[in-house]
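Undergrad: Next come a sequence and a model predicted from it.
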Amino acid sequence: MQEEIKFCRGGGCTAKLGSAVLSRILEKLPKPTDDNLLIGTEASDDAAVYKLTDELAMVQTVDFFPPMVDDPYIFGQIAAANALSDVYAMGGKPVTALNLVCFPENWDMNILGKILQGGQQKVIEAGASLVGGHSIADSEVKYGLSVTGLINPNKVRANNTAHVGDKLILTKPLGVGLTCTAARAGEQKSSLDEAIKSMTTLNKYAAEAADEFEIHACTDVTGFGLAGHLHEMLRADLSARIYAERLPKITNARYFAEEFYLTAAAQRNRNAADGKIKFIKSDFATEELVFDPQTSGGLLFALSASEADLLQQKFINLGLNSAIIGEIMPRMDVEIIIEGKI
Amino acid sequence: MATIVDARGKACPQPVIETKKALKENGAPVIVLVDNDIARQNIEKMAAQINLSVQVDKTDDGAFRLLIQQVSSEVLGAVLNDAGEAISDMLDNMPAVDCVPCMPANVGKTVVVLSSNCMGTGDDTLGAALMKGFVYALTQLDNAPDTVLLYNGGAKLSVEGAETVQDLKILEENGTEILTCGTCLNHYGLADKLAVGEVTNMYTIAEKMSEAGKVVRP
């Protein structure tokens, strides 16, 4: 049986289109006007939220991408964890999921079977039901989910509602983009197991741990990297100050950056942040980590300083590689200030 | 002879990796062909990190041709020489004018007074966050203050555990005098907790403010 599939070619969230290009196109489309649409296209949020009753709203999201690892079962797990994450970022609970599949007709269908098994395993772990899907014959493999979740409309965690003085907690290590790129390029040194463990971890546990706290804002850090998703969090009146030495990271992330395992997506993220970000006493590897596109990355929470330590302790108890990485400040000369080195 | 790397049609990180390999095996100069701007940017970024210069031009079919080479001391010397000549030409050709200062000369020192751990009144949680932001912003100014005076609630900003200490330390390292009211530290039971700068007395506080060219009170 064909175990080692050669379908891995710049996959995961490194395959995302640039946010700058996207927003130029999207802003030309007419905006939905339904009053029950609590979160739609206005802000750059992770998922849409549609109010059904005063106590119940529906969360809807879709995510799919090409493989970033060679094992089809693990790829399925990662793609599903990544798609489910958007529901968790909003504070919702996933209830149903649909498969989205692109697969070459002449390939061994057992490979597809393993991808779907991996995906289903994560959907079950999430407590949701896989209820169908859609497949297309295509020259390249792509897989993901459309996920529907439920949420109390009064407890939606938007991404642009942080308060001045809030602490920022990131729940997964950065550097999975660099790590997967290095592995694909045949780098001897590997942190792939660590990256896979992180990418296959559901954000369910972090999101549920946060339920008993007053979360001011939340997003998940994926293809646009820490800088890009932080940018989505920052309104015009806010800046963020990040302490680089506190950033959780994959073990060899610095080494991979210094060996120049540079993706196109990271460079697009860098270009998108032009003029919005300032590095103080920093260095090249730190910059690359901040722009590194994450596949199935962690949640980024903003909450008051008095609660942040408690929540961080809960994350540590859950075994997450999380950290309080910085804080929200009144708007400075730039949006994002990164201080020091990783 | 330059090594040629044809990375057209290849996706990142491949162009960067092949360029790095060519540089490692054969040394500079290396000529790289890429067909997209992001790959060009990534290769330029790598070259800058290893102190090599990059010259870019476009081929007829729209690809980028990058010449990566050592920055030779001769080239560097010539550039500096040209710049030097240009500046002396400019000075020679400047019309003589009477210098009239358009700004009053900066008389006296700038003293920042932090008399509370909150910035403004209304909401103290907001005020504390604003004050923290203000102290950080001081570290980013082109002209840092000469002195920061901290008294009453302001004394809580320079003691152990205060989140403003790190930025006050940066100010101090860059030459700003950080003075905290000793009476106030005692009042709040923080006498042995000062974490940055010196303890001062009311006479010095009065003196610094009286002799200041400008007092800044957030």
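TA: Done, it's in.

Undergrad: Relative to A:Met199, how far out is the nearest residue to A:Glu335 once chain neighbours are set aside?
TA: Distances taken as Cβ to Cβ, 6 or more residues apart in numbering or on different chains put A:Lys276 closest to A:Glu335, at 4.4 Å, once the chain neighbours are dropped. Where C-beta positions appear, they are placed from N, C-alpha and C, glycine not excepted. Here the criterion is Cβ to Cβ, to the nearest Å. By it, A:Lys276 lies 27 Å from A:Met199.

Undergrad: same check, this time on A:Ala80
TA: In terms of Cβ to Cβ, A:Ala80 sits 11 Å off from A:Met199.

Undergrad: quick one, which of those two is more surrounded?
TA: Using other Cβ atoms under 10 Å in any protein chain shown as the criterion, A:Ala80 and A:Met199 rank with A:Ala80 on top: 35 against 26.

Undergrad: So for the helix or strand encompassing A:Leu84, what gets flagged as buried?
TA: Using DSSP states H and E, A:Leu84 sits in helix A:72-90. By 16 or more other Cβ atoms under 10 Å in any protein chain shown, the buried positions in helix A:72-90 come out as A:72-90.

Undergrad: helix or strand for A:Asn160, which one?
TA: Short version, using DSSP H and E: A:Asn160 is in no helix or strand.

Undergrad: Any idea how many residues pack against it?
TA: Residues lying near A:Asn160 (other Cβ under 10 Å) number 17.

Undergrad: just the one 4 residues further on next, same as before
TA: Each residue near A:Val164 was counted by other Cβ under 10 Å, and the total is 21.

Undergrad: now swap in the one 3 residues further on and tell me
TA: Using other Cβ under 10 Å, A:Lys167 has 22 other residues around it.

Undergrad: do B:Gly161 as well
TA: B:Gly161 - counted by other Cβ under 10 Å - has 9 other residues nearby.

Undergrad: List the contacts of the closest residue to A:Val101 other than its chain neighbours.
TA: The shortest distance from A:Val101 to any non-neighbouring residue, by Cβ to Cβ, 6+ apart, is to A:Ser135 (3.9 Å). Applying Cβ atoms under 8 Å, 6 or more residues apart in numbering or on different chains, we find A:Ser135 in contact with A:Asn99, A:Val101, A:Cys102, A:Phe103.

Undergrad: secondary structure element for A:Ser135?
TA: Assigned by DSSP H and E, A:Ser135 falls in strand A:129-137.

Undergrad: Specify the next element, helix or strand, located C-terminal of that strand.
TA: Toward the C-terminal end, the helix or strand that comes next after strand A:129-137 (DSSP H and E) is strand A:142-151.

Undergrad: which strands and helices sit next to the helix holding A:Leu84?
TA: Under the contact criterion of 3 or more Cβ pairs under 8 Å, 6 or more residues apart in numbering or on different chains; DSSP states H and E, helix A:72-90 touches strand A:57-65, strand A:93-103, helix A:109-125, strand A:142-151, helix A:192-200, helix A:204-209, strand A:215-220, strand A:299-303.

Undergrad: Of all residues in the chain, which one is nearest the centre?
TA: Using chain A. A:Thr222 (2.7 Å; Cα atoms, centre = their mean).

Undergrad: oops, chain B please
TA: For chain B, the residue nearest the mean C-alpha position is B:Gln140 (7.2 Å; Cα atoms, centre = their mean).

Undergrad: is it true that it touches A:Val334?
TA: No. Under the criterion of Cβ atoms under 8 Å, B:Gln140 makes no contact with A:Val334, lying 9.6 Å away.

Undergrad: Can you give me the pLDDT of residue 11?
TA: Picked chain A for this. If you check A:Gly11, the pLDDT there is 62.

Undergrad: wrong one, chain B
TA: The model reports B:Ala11 with a pLDDT of 85.

Undergrad: which phi and psi does it have?
TA: Dihedral pair for B:Ala11: phi -90, psi 150, per degrees, to the nearest 10.

Undergrad: so how many other residues sit close to it?
TA: When neighbours are defined as other Cβ under 10 Å, B:Ala11 has 16 of them.

Undergrad: Now for residue 36: which residues touch it?
TA: Unless you meant another one, I'm taking chain A. Counting by Cβ under 8 Å, 6+ apart, A:Asn36 makes contact with A:Tyr50, A:Lys51, A:Leu52.

Undergrad: my bad, chain B
TA: Neighbouring residues of B:Asn36 by Cβ under 8 Å, 6+ apart: A:Ala264, B:Phe64.

Undergrad: B:Leu67 too?
TA: By Cβ under 8 Å, 6+ apart, the contact set of B:Leu67 is B:Ala2, B:Pro29, B:Val30, B:Ile31, B:Val54, B:Gln55, B:Val56.

Undergrad: So for it, what's the pLDDT?
TA: With respect to pLDDT, B:Leu67 has a value of 95.

Undergrad: And for B:Ile87?
TA: pLDDT for B:Ile87: 70.

Undergrad: and it, which of the three is it?
TA: Of the three states, B:Ile87 takes helix according to DSSP: H, G, I helix; E, B strand; the rest coil.

Undergrad: what about it, neighbour count?
TA: Using other Cβ under 10 Å, B:Ile87 has 10 neighbouring residues.

Undergrad: again, but for A:Lys93
TA: 16.

Undergrad: if I read this right, it contacts A:Gly149, doesn't it?
TA: Yes. A:Lys93 is within contact range of A:Gly149, at 5.5 Å (criterion: Cβ under 8 Å).

Undergrad: where are the low-confidence patches of chain B?
TA: In the predicted model, chain B carries pLDDT under 70 at residues B:72-80, B:83, B:91, B:94-106.

Undergrad: which bits of it sit near chain A?
TA: Proximity of chain B to chain A (Cβ under 8 Å from any Cβ of the partner chain) is limited to residues B:11-14, B:16-17, B:20, B:36, B:38-39, B:41-42, B:45-46, B:49, B:125-126, B:128-130, B:132-133, B:136-137, B:140.
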